[in-house]
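Visitor: The following comprises the amino acid sequence and a computationally predicted model.
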Amino acid sequence: MAKIFRDEVKIGNFRIAFARKGSGPELLLLHGGIVDNRMWNKQIEDLSDDFDVIAWDAPGHGGSSDPPEEGFSLYDYTKCLADFIEKLELKKPHLLGLSFGSGLALAFYSYFPQIPRSLVLASAYAGWAGSLPPEVVEERMEKAYEQSWLPPEQVFQAWLPTLFSDDVSEEVVKELKRLFYDFHPAGMRAVLNVFGRVDLSPVLPTIKVPVLLLYGEKDKRSPLKVGQEMLDKIPGAKMVVIPGVGHVCNLEAPEAFNKEVRNFLREIN
């Protein structure tokens, strides 16, 4: 079996790392906050049978360079992704984002609607401010900013109770823990400064490509109510709930997650 190909490209002043495997229609994976493209290893391995799967590290994550903590805008994140797509000569990729990655996918669509072939939004928000009460947004912002100055072990322990169901295996917890230990404090603060209070709900009714909303039944960070509200606003969107799992549903139930993604994309192709 071929290994996952890992490399990096230069985008402006940034070094952008990525993983790639497979052939066929292009599927670009956008990871959640704090972690990096390794969160998608089970998706890359499995979905590469049918797709050319590419998983990037956003600026400030994994093997990519940190953006400035101040002055790096929502458009700058999306333009970096657009330049990455151009650099790799991707034609019209499907975009799959989880949590922060789903917000990035929505923001990207708002600026570059001609590029995505479809959107798969997992554990998604229309931005925290677009999906959560103002007091919850402010509480999350305050806690996350404080955590960005802590050692990785403490950051992971602070986030862990909200990331999985109570029945998650120790192996899955350890897998995510390894990713948290490589987090970029400056990258985390840059994401908070740009995405923490963004309201992407105006984007939802403008979407004209196929959309799959994918949620874990026991998601504590982005509960099903959030998904239902997004479903109501996106024309023609489809929503699937994976039973018994939490926010990081691609790690907790990779087989079910991959099945839903594959079935949805095959309908388009």
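Guide: Received it, and whenever you're ready, just let me know what you need.
Visitor: For the stretch 151-269 of the chain, which residues score under the pLDDT cut-off?
Guide: Low-confidence segments of the stretch 151-269 of the chain, defined by pLDDT under 70: 269.
Visitor: in it, which spans are strands?
Guide: Here the stretch 151-269 of the chain has its strands, by DSSP state E, counting those that start in this stretch, at 211-216, 238-242.
Visitor: List the contacts of the nearest residue to residue 229 once chain neighbours are set aside.
Guide: Counting by CB to CB, 6 or more residues apart in numbering, residue 131 is the residue found nearest to residue 229 once chain neighbours are left out, at 6.8 Å. Using the backbone N, CA and C atoms, a C-beta is placed for each residue, glycine as well. By CB atoms under 8 Å, 6 or more residues apart in numbering, residue 131 lies in contact with 125, 201, 222, 226, 229-230.
Visitor: Which residues outside the host helix or strand of residue 41 are in contact with it?
Guide: If you go by DSSP states H and E, residue 41 is part of helix 41-47. Contacts to helix 41-47, defined as CB under 8 Å, 6+ apart, come from residues 4, 19-22, 27, 29, 53, 55, 96, 250-251, 254-255, 257-258, 261-262.
Visitor: Helices - which of those residues land there?
Guide: Counted as lying in helices by DSSP state H, out of the contacts of helix 41-47, are 250-251, 254-255, 257-258, 261-262.
Visitor: still on that earlier bit, roughly how far apart are the residue nearest to residue 229 and residue 204?
Guide: To residue 204, residue 131 is 10 Å away according to CB to CB, to the nearest Å.
Visitor: Ok, residue 26 next?
Guide: 24 Å.
Visitor: Repeat that for residue 32.
Guide: Using CB to CB, residue 32 is found at 20 Å from residue 204.
Visitor: Just give me the residue right at the centre of this protein.
Guide: residue 101 (2.3 Å; CA atoms, centre = their mean).
Visitor: can I assume that residue is in contact with residue 32?
Guide: Yes: judged on CB atoms under 8 Å, residue 101 makes contact with residue 32 at a distance of 5.7 Å.
Visitor: Of all pairs in the contacts of residue 131, which one is the farthest apart?
Guide: The largest separation in the contacts of residue 131, counting by CB to CB, is between 201 and 222 at 13.9 Å.
Visitor: who has more neighbours, the two?
Guide: Each of residue 201 and residue 222 has its neighbours counted (other CB atoms under 10 Å); residue 222 has more, 25 against 17.
Visitor: before we move on, the earlier item: from the ones in helices among the contacts of helix 41-47, list just the buried residues.
Guide: Buried members of the ones in helices among the contacts of helix 41-47, counted by 16 or more other CB atoms under 10 Å: 250-251, 254, 257-258, 261-262.
Visitor: And these, which is closest to residue 114?
Guide: Using CB to CB, these come closest to residue 114 at residue 261, 22.6 Å.
Visitor: Contacts only, for that closest one.
Guide: 43, 47, 96, 120, 212, 214.
Visitor: For residue 209, give its distance to residue 30.
Guide: 15 Å.
Visitor: If you count surrounding residues, which of those two has more?
Guide: The neighbour count for residue 209 versus residue 30, taken as other CB under 10 Å, is higher for residue 30 (25 against 18).
Visitor: Report the beta-bridge partner residues of that one.
Guide: Judged by DSSP bridges, the bridge partners of residue 30 are residue 56, residue 97.
Visitor: As CSV, the ones in helices among the contacts of helix 41-47 with distance to residue 90 would be great.
Guide: Below are the ones in helices among the contacts of helix 41-47 laid out as CSV (distance: CB to CB, whole Å):
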residue, distance to residue 90
250, 21
251, 25
254, 24
255, 27
257, 22
258, 21
261, 18
262, 19
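Visitor: which of the residues you listed lies closest to residue 67?
Guide: Closest approach to residue 67 among the ones in helices among the contacts of helix 41-47 (CB to CB): residue 250, at 24.9 Å.
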